[in-house]
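Chemist: okay, predicted coordinates and the sequence, questions at the end:
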Amino acid sequence: MLDLVAINSISTLLRLNTELRYLTKKGIQNLQKQLRNPSRPGIAYLLYLCKLSGNRPTDTCFGIGSRINSICCINKSPSFIVELLTNKNKDYSEKLALEAELSNIRCNNLQQYIIRNIRQTLKGIDLSITQVIVLEDPEWESEILKLVVQKVSREYNKPTVLLTTAECKENKQQNLNFSRGYAFSSNIIDAYKLISSQQNLLYSFYGEQYSDLIDLSLNTENVPLFRERINQYLRQELAAIDSPKSIIKADLTATVSQLGQSLFRELKILEPYGIGNLVPKILVKNCCFKISKNQNGNQFQNNALKYIKTEVILYDSSSEKGFPGVWWGHHRGELQIEENKQYDAIVELGYSKLQPGNHEVRLIEIKEASHYLHPSIVGKIAVNLLDYRNSNKIFPNNIKNESVRLCPVDWQELLEIYGKSCEKQKNLALLYSYSINLSSTGTIQKAI
């Protein structure tokens, strides 16, 4: 039954401690046998429908796992899932697998509908002064919110709480309206700590400590107060943090030429990935992108499956051939990529299911390269950076130097100025003033 253990541990995002990681790894090996000699025809047909082999943790998570979650959202029948995964009758199992596939399409389309609705709502909210996104809609399905809340939080880079109104069974006699939903946060903001700070307003909340996803419910009348107080709480917490921006830590740095089968095999030793053993993040510096394809959906038995993905090719100085990549959930117009510009990218290396034998990267984050100088000046730099900030020294005007009289707003601006000095072979003098006693924490507190 190790194949069922693997499906459960990955699909339900259990923490992969040493023992469970071992059992999950053995279970994935069992899953690979299902296509050749299926002992569970329902699982074999699910893998066939999503064009996966079962040898990757992502096959379980995004293939089988997403369909099981869809059944929970649409059919709401645990017995259906048990029958699908364990029934030995081939024809009956194929029928159940087809129903699961249709549920997955419907669930994905409902997710896209809710996300579009949320984007429209957030256009009327000033996100610059909003620390936590808290939204409620009585038409939303709570189980679908479990899938949507993660995408919204990552898209807007903010902790997010999505709620729907439902009558709480324990309070039927009192006829109280309760809102139930999910909260999600990652990186520097601890979702469990954030939600538990408002527990006096909550009817219930559940989630492991240090977990990104929290299940919660509260009286509907308390939602406005909850929204105000949780934003105030996080605003105060951020005053003690140097940077409230999302931080993505890379596990290793690689060039485009190093991406491929050799690195994939090395990283595969660390599998299976999951909570407690995350997929390694790879930093590719000073790379360029070429957008090759934009896709907005597919068809299955005359049912439209709505999704968004953009396919790109990565290049850098180490490779003229380039390397394929996919950015899920992003339109071509949203990427704002200029093909002649240098970028730093965080990616995950994976296996291409559409082109067997090939590998591709999944893009996580892209930013303009912060430490890039044009190749024409590399190796020719012979300039000094002269620090005259808050200095009583008189700047020697008789020496031909480049100067900065206004403080740059970010590192990129300073690097561009420095690059120009390198090209002109002139020293760069910093002539602006700044407050010595003003710390980053003080600046944030003053802004609040």
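Modeler: Yep, it's here. Residues are numbered from 1 along each chain as shown.

Chemist: confirm that Gln120 sits in a helix.
Modeler: Yes: counting by DSSP: H, G, I helix; E, B strand; the rest coil, Gln120 is part of a helix.

Chemist: any idea how far it is from Asp344?
Modeler: 32 Å (Cβ to Cβ, to the nearest Å). Every C-beta, even on glycine, is put in place using the N, C-alpha and C of the backbone.

Chemist: comparing these two, which shows the higher neighbour count?
Modeler: Per other Cβ atoms under 10 Å, whichever of Gln120 and Asp344 has more neighbours is Asp344, with 19 against 9.

Chemist: for the more buried one, give me phi and psi.
Modeler: phi -110, psi 130 (degrees, to the nearest 10).

Chemist: what sits against it?
Modeler: 283-287, 366-370 (Cβ atoms under 8 Å, 6 or more residues apart in numbering).

Chemist: what ranges does the stretch 1-150 of the chain have for its strands?
Modeler: Listed in chain order, the strands found in the stretch 1-150 of the chain under DSSP state E, counting those that start in this stretch are 133-136.

Chemist: poorly predicted segments of it, please.
Modeler: Residue ranges of the stretch 1-150 of the chain with pLDDT under 70: 13, 52-62, 76.

Chemist: where do the helices sit along it?
Modeler: Counting by DSSP state H, counting those that start in this stretch, one finds helices in the stretch 1-150 of the chain at the ranges 2-11, 18-32, 41-49, 57-58, 66-74, 78-86, 90-122, 142-156.

Chemist: which one of these lies closest to Trp411?
Modeler: helix 142-156 (23.8 Å; Cβ to Cβ).

Chemist: which stretches in the stretch 301-448 of the chain count as helices?
Modeler: Using DSSP H, counting those that start in this stretch, helices in the stretch 301-448 of the chain cover 332-335, 411-424, 440-447.

Chemist: quick one, which of those is packed in tightest?
Modeler: Burial of those is given as mean neighbour count (mean count of other Cβ atoms under 10 Å); helix 411-424 ranks first at a mean of 15.

Chemist: so which elements touch that one?
Modeler: Secondary-structure packing of helix 411-424 (3 or more Cβ pairs under 8 Å, 6 or more residues apart in numbering; DSSP states H and E): strand 402-404, strand 428-430.

Chemist: between these, which gets nearest to Thr165?
Modeler: Closest among the helices and strands packed on helix 411-424, using Cβ to Cβ: strand 402-404, at 55.7 Å.

Chemist: burial count for the spatially closest residue to Leu85 that is not a sequence neighbour?
Modeler: Leaving aside its chain neighbours, Leu85 sits nearest to Gly42 (5.7 Å; criterion: Cβ to Cβ, 6 or more residues apart in numbering). Neighbourhood size, Gly42 [other Cβ under 10 Å]: 27.

Chemist: contacts only, for Gly42.
Modeler: 83-87, 93-94, 96-97.

Chemist: report the buried members of the residues you listed.
Modeler: 84-85, 93-94, 96-97 (16 or more other Cβ atoms under 10 Å).

Chemist: got the residues you listed as TSV, with distance to Glu348 columns?
Modeler: Output for the buried ones among the contacts of Gly42, formatted as TSV (distance: Cβ to Cβ, whole Å):
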residue	distance to Glu348
Leu84	29
Leu85	28
Ser93	32
Glu94	33
Leu96	32
Ala97	28
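
Chemist: related to what we said a few turns ago, worst average pLDDT in the helices of the stretch 301-448 of the chain?
Modeler: Of all the helices of the stretch 301-448 of the chain, mean pLDDT reaches its minimum on helix 332-335 (a mean of 57).

Chemist: measure the closest residue in space to Thr255 that isn't next to it in sequence to Ser217 for me?
Modeler: Once flanking residues are discounted, Thr255 sits nearest to Ser318: 3.9 Å by Cβ to Cβ, 6+ apart. Ser318 sits 52 Å away from Ser217, going by Cβ to Cβ.

Chemist: so the two - more neighbours on which side?
Modeler: Set Ser318 next to Ser217 and count neighbours by other Cβ under 10 Å: Ser217 wins out with 18 against 14.

Chemist: what helix or strand is the more buried one on?
Modeler: strand 213-219 (DSSP states H and E).

Chemist: in its sheet, what does that strand sit against?
Modeler: strand 177-184 (antiparallel), strand 204-206 (antiparallel) (DSSP bridges).

Chemist: what residues sit buried inside the longest strand seen in the chain?
Modeler: In the chain, assigned by DSSP state E, the strand with the most residues is strand 282-295. Of all the residues in strand 282-295, those buried under the rule 16+ other Cβ under 10 Å are 282-289, 294.

Chemist: I'd like those residues laid out as a markdown table, including distance to Val256 and pLDDT.
Modeler: Shown next, in a markdown table, are the buried residues of strand 282-295 (distance: Cβ to Cβ, whole Å; pLDDT from 0 to 100):
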| residue | distance to Val256 | pLDDT |
| --- | --- | --- |
| Ile282 | 11 | 93 |
| Leu283 | 12 | 92 |
| Val284 | 6 | 91 |
| Lys285 | 10 | 88 |
| Asn286 | 10 | 86 |
| Cys287 | 6 | 88 |
| Cys288 | 9 | 87 |
| Phe289 | 11 | 85 |
| Asn294 | 22 | 61 |
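
Chemist: next, format those as CSV and append distance to Tyr206.
Modeler: Formatted as CSV, those follow (distance: Cβ to Cβ, whole Å):
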residue, distance to Tyr206
Ile282, 34
Leu283, 35
Val284, 38
Lys285, 41
Asn286, 44
Cys287, 42
Cys288, 45
Phe289, 41
Asn294, 39
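
Chemist: which one of those residues sits closest to Asp126?
Modeler: Of those, the one sitting nearest to Asp126 (Cβ to Cβ) turns out to be Asn294, at 30.8 Å.

Chemist: which one, of the helices of the stretch 1-150 of the chain, ends up nearest to Asn177?
Modeler: helix 142-156 (13.9 Å).

Chemist: the closest one - contacts with which helices or strands?
Modeler: helix 66-74, helix 90-122, strand 133-136, strand 160-167, strand 177-184, strand 213-219.

Chemist: contacts only, for Glu99.
Modeler: 75, 80.

Chemist: how close does it sit to Pro78?
Modeler: Counting by Cβ to Cβ, the gap from Glu99 to Pro78 is 15 Å.

Chemist: check Arg106 too.
Modeler: Where Pro78 is concerned, Arg106 sits at a distance of 18 Å (Cβ to Cβ).

Chemist: which of those two has more neighbours?
Modeler: A direct count of neighbours by other Cβ under 10 Å for Arg106 and Pro78 places Arg106 higher, at 16 against 10.

Chemist: so how far is Thr441 from that one?
Modeler: If you go by Cβ to Cβ, the gap between Arg106 and Thr441 works out to 49 Å.

Chemist: could you do Gln34 as well?
Modeler: Gln34 is 55 Å from Thr441, by Cβ to Cβ.

Chemist: again with Cys288
Modeler: Counting by Cβ to Cβ, the gap from Cys288 to Thr441 is 38 Å.
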